[in-house]
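> What follows is a predicted structure for the sequence shown.
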Amino acid sequence: MDRGFLSAVELRTPAGRTYYLVALALLVLAAVLTLFPFFFAFTSGLKGSTEIFAAGLNLIPADPHWQNYADAWRQFNMPRLFANSFVIVGVGVILRLIVSSAAAFSLSKLKPVGGRIITLGFLTTLMVPFIAYFVPLFKTLNDVPIVHLNLLNSYWGLWLPYCVDAFSIFVLKTFIDRIPSDLIDSARVDGATALQMFRHIILPLSRSILIVVCVLSFVALWKDFLLPYLVLADPLMQPITVRLFYLADDYSVNLQMAASFIALLPPLLIAILLQRYMKVGLTLGGVKG
Amino acid sequence: MKRHLSLAILVILVLTGVYILPVMAQDAAPVPDVLTLPEQIAGGRDVTITVSEMPSVDQAEARAQWEATAQRFMELYPNVTVNGLELQYDPAAFTALIAGNQLPTLFRAYFTEPHKFISEGAAADLTPYLETAGIRDVFNPEILAVTSEDGSVYGIPKDAYALGLAYNISMLSDAGFDGPPETWQELADMAVALTDRDNNQSGFAFINDGSGATGWHFTNIAYGFGATPEDIIRPNEDGTFTAAFGEGPTVDALQFIKDLRWSQDVLPGATLDWGSISEALVSGRVAMVIYAGDQFNWDYTQFPDTDFNNLGYAPAPAGPNGRITLSGGNVWMVSGQASADEQEAAAYFQIWRQFDPVELQTAIEATTEAIGMPTLPLYVGDYQEQFEAFRTPYNKLPVENYEPFNEAVKNGEVHLQTEPQPNVQDYYAEVGVVVSEVLSDQNVDVATRLAEAAEEFQAFVLDN
Amino acid sequence: MTSYLLRRDADEARSKRSGFDMARFRAQLPRQITAYLFLLPALIAFGLFAWYPIVNSVVMSFQDVSLTGASTWVGLHNFELMLKDPATGVIWKNVAEFLFWSLALGFFVPVIIALLVREMRIGKGFFRVVYFLPTVVPAAVAVIIWRFIYDPDAGILNELLRQLGMSRQLWLQDLTLAKPALVAVMTWNAFGTTALIYLASLQDISQELYEAAELDGASPWQRVLHIGLPHLYPIMSLMFLLQIIAVVQVFTEPFLLTFGGPGRETLTPAMHIYNRAFIRVDLGYASAWSVTMIVVLAVFSIIYRVVNSRLSR
């Protein structure tokens, strides 16, 4: 029988019951406050353009303008924005996963000379705030050293920096460390190449942690603003976060609210459907914050 | 049956006639023509240019027109390819584009921006093209000066406006005023009477978001209080500059704003930027606002329900030096990073679409723009007169409401004062923050804080 | 392959006896090459898009950087300018105030939420999802919604105040309210993550501990105080550090919601870096701020570590 600070017996006493009800009331209150902005965006998106400024609470519009959602969908060109976001985030997550898992595998099982220093080098990037090297990063994207490519206004200008994630490497390495080396050694005896071990042993065994890293990365990249804001000047290429910021001022408040609510649906769905994985990720997330 | 037939004919007549009639009914003022175009561009070599501000696909009509225009130019000069970009001007994003060597060949910028592009070598000298096309002298020299340096012209002005005062006609008349204020003191007094907090109604507003736009509106008020560009940034004989806005009329203007906020309490609480100040005006939340004449176009397209008959426009109130105002507008520039051939093609594309008589006619018939806005004359002399006569039949706005402004401009009462130079954007940003502070903190000492800002500007921008 | 492995083993056995020898190195080489091939993508990515820019940031802080042309060395000039900048004092004062508000509003909320949810016998999953939802909301979208909630003329908050007979507030435009208003948005956006981390940690506590405490006569409150909270301390202390690091470098919320205003009330180091780099195009000065920020955070982390290890000893 599951118990908390209070035992099942205590819960049945009047005092225990009061404790419990007060706790429940507090949690419900917190839940209402937490959900309110979503609800507010949704119903404000249903109001007329002048109705939204009318005095009074009017939380639920008397005559909902469902048309606003259709208008916002069309006027903000939502299909295009979603497509952009999914391409940017999708490819970004896949590349990050490939780069990070390969590095984690190497550091954990292939024992490269200087592996500890390299790991330390990866981890120090976690200590440096992004904004502090953003300006030179921008210059680098503008003219990549050695190859002299310009990645600005191209999705590569996002995808490549998105591959840099010491947190993913760290989490994956910790996990792979726990995969018994015997498995690797016996595969090696059987003549497997490193690539085969990676693909047929490490990746399948790390499936659960890979999903967690994938979901966390998806949410993090979907939320990103500054990098796409400055890298992508072409409105046709911008993800939904950046485009909404540009467009918001151009439209009446009710359409802004409708558009914001639409924009929130994909990450919300992911949060609800993949809750199980996020939960695991969170305990890892504690390391990163 | 017969009745049906005549009905059908009527319908057809209406359907077709609706389009023909207005054009026929007009006195058909001739389309002005001064343009001389070269036989060939770029010596006939193949050249591709990119052009910003192409309408997005959701504005289907405007997009189709844009593409048709580009197509006509490419037929005129088969060696030129015009590619549109939906990119719109944004100061920070374009700074990045300069750095990235990624400017479009032809792009639009604000009047405040040419200096940035010229000093970074990112703007092409367009003088030879303007001269060949015979249009350099057609432009209002005051406006051409905005985009010129050392006698060379780096941009083609597209439109120009002054900062004036827009007002809600019925609110003013309900409060017993028969016209807009003549002086800044009168404006303050009227604003008190026009403020009604219970109905979310403020007497007076200007852009107050603390951005460069705030500094821009504030500077217009400072000009109204007698400041000259040299009172703000003073050029010294040795070629250096002194930040002088820490004293004099600028301080008076800021004190005026401080009183409006804290003594008279006539300003709105919301953060208003360029777009939301329009919304505040058309939704009746403010009675008088500092307004750019071309913002009526914004209202016309963004807030179609607006009752334009209730909105008036007057020049900025008069100060010690009369009605002094800042101008603003848009200018087309050509990338200095493009090849000579590209620069030439881009320059002529803009000149052609702005001056070709057939293009002017096509554009004015198709445009969704609010013709009749109280803007500044872009050209001078006969061309300007012909240009106005040509456009008048297409007016969509109640031009009589803008009479106070238009008359004052015609009578030469409105004096355009240039922006302080150099680094005007940095100055606007700096002073915008100070205005925002004064609006939020009644303990700020106006003179001390402005002096501190001037010192910072001196050390970091002018001396750096 | 097999023969290679056998030879390697033999080599290894030999090298253990005689220290370094060439044969061992030659045998190790292919394996090292493979290892580095797997590391290569990460090394390139980190090199180009993290290490090189970080080093460059330090270099640029001693330079006058031109956007398109060459840069010139200016020594400590940029750092001297920082001392002259009237914004410097304002910014660090803002950081301190932001820290105060974010710890006051945000630090204990997740702890309390976690303790309460832990107590629930049903509906745990529901609360977990609900509190978690805001954390997936991009700040760029959150601010559009919150801007309207805070709107002084038409916003819901002022409407509520009016219903309660209180006078309206300017919220984001108000000198005293701007920071807490901003912190409230940040807290809404982030508390779920922290709460769930605490909750996961609380679930780890063995139920027998509670039972034992109960037998010893500890009241429920004492159980929270002496079992629950002490179990959370290590992770709370980590969260404390992380929250401070996050607040010192906050950018998106003030950038999108208040643009540093009213006045300079919500101007943060990150926003100042952005303004100077991308608005004034003074990259060298912006880099001086970047370096300062790195140093401040590093010093802070070291102090934290020292203090923390003293305390836990």
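Everything's here; your move. Residues are numbered from 1 along each chain as shown, chains lettered A, B, ... in the order given.

> Right, and chain C sits closest to which residue of the stretch 101-250 of chain B?
Nearest to chain C in the stretch 101-250 of chain B, going by CB to the nearest CB, is B:G210, at a distance of 3.7 Å. (Glycine included, C-beta is placed from N, CA and C.)

> any idea how far A:I270 lies from chain C?
7 Å (CB to the nearest CB, to the nearest Å).

> Now the residue of the stretch 101-250 of chain B closest to chain C: closest residue in space, sequence neighbours ignored.
Nearest residue to B:G210 in three dimensions, chain neighbours excluded: B:S436, at 3.2 Å (CB to CB, 6 or more residues apart in numbering or on different chains).

> Which secondary structure state does that neighbour sit in?
Under the three-state scheme (DSSP: H, G, I helix; E, B strand; the rest coil), B:S436 adopts helix.

> Run a quick neighbour tally on it.
Residues contacting B:S436 under the criterion other CB atoms under 10 Å in any protein chain shown number 27.

> which residues touch it?
By CB atoms under 8 Å, 6 or more residues apart in numbering or on different chains, the residues touching B:S436 are B:N208, B:D209, B:G210, B:T214, C:G261, C:P262, C:G263.

> Can you tell me what sits against stretch A:168-177?
By CB under 8 Å, 6+ apart, stretch A:168-177 touches A:96-97, A:100-101, A:103-105, A:107-109, A:119, A:122-123, A:202, A:206, A:209-210, A:212-213, A:217, A:284, A:287, C:42.

> where in the chain is pLDDT low?
I'll assume chain A. Where chain A drops to pLDDT under 70, the residues are A:1-2, A:50, A:55, A:278-289.

> was after chain C, sorry
C:1-21, C:67-69, C:313.

> which of the residues in stretch C:78-86 are buried?
C:N78, C:F79, C:L81, C:M82, C:D85 (16 or more other CB atoms under 10 Å in any protein chain shown).

> now, which of the residues you listed lie close to chain B?
C:L81, C:D85 (CB under 8 Å from any CB of the partner chain).

> Take the buried residues of stretch C:78-86 and keep only those in helices.
C:N78, C:F79, C:L81, C:M82 (DSSP state H).

> Name the residues of the stretch 151-289 of chain A found near chain B, please.
Checking the stretch 151-289 of chain A against chain B by CB under 8 Å from any CB, the hits are A:152-153, A:230-231, A:233-236, A:246, A:249-252.

> buried subset of these?
Using 16+ other CB under 10 Å, the buried members of those are A:L152, A:N153, A:L230, A:V231, A:A233, A:D234, A:P235, A:L236, A:Y251, A:S252.

> which ones are touching the third one?
Same thing as A:L230. So, once contact is read as CB under 8 Å, 6+ apart, A:L230 ends up touching A:F138, B:A92, B:A93, B:A96, C:F278.

> And for the residue lying closest to the second one once chain neighbours are set aside, the neighbour number?
Leaving aside its chain neighbours, B:A92 sits nearest to C:F278 (4.8 Å; criterion: CB to CB, 6+ apart). As a burial measure, C:F278 scores 22 neighbours (other CB under 10 Å).
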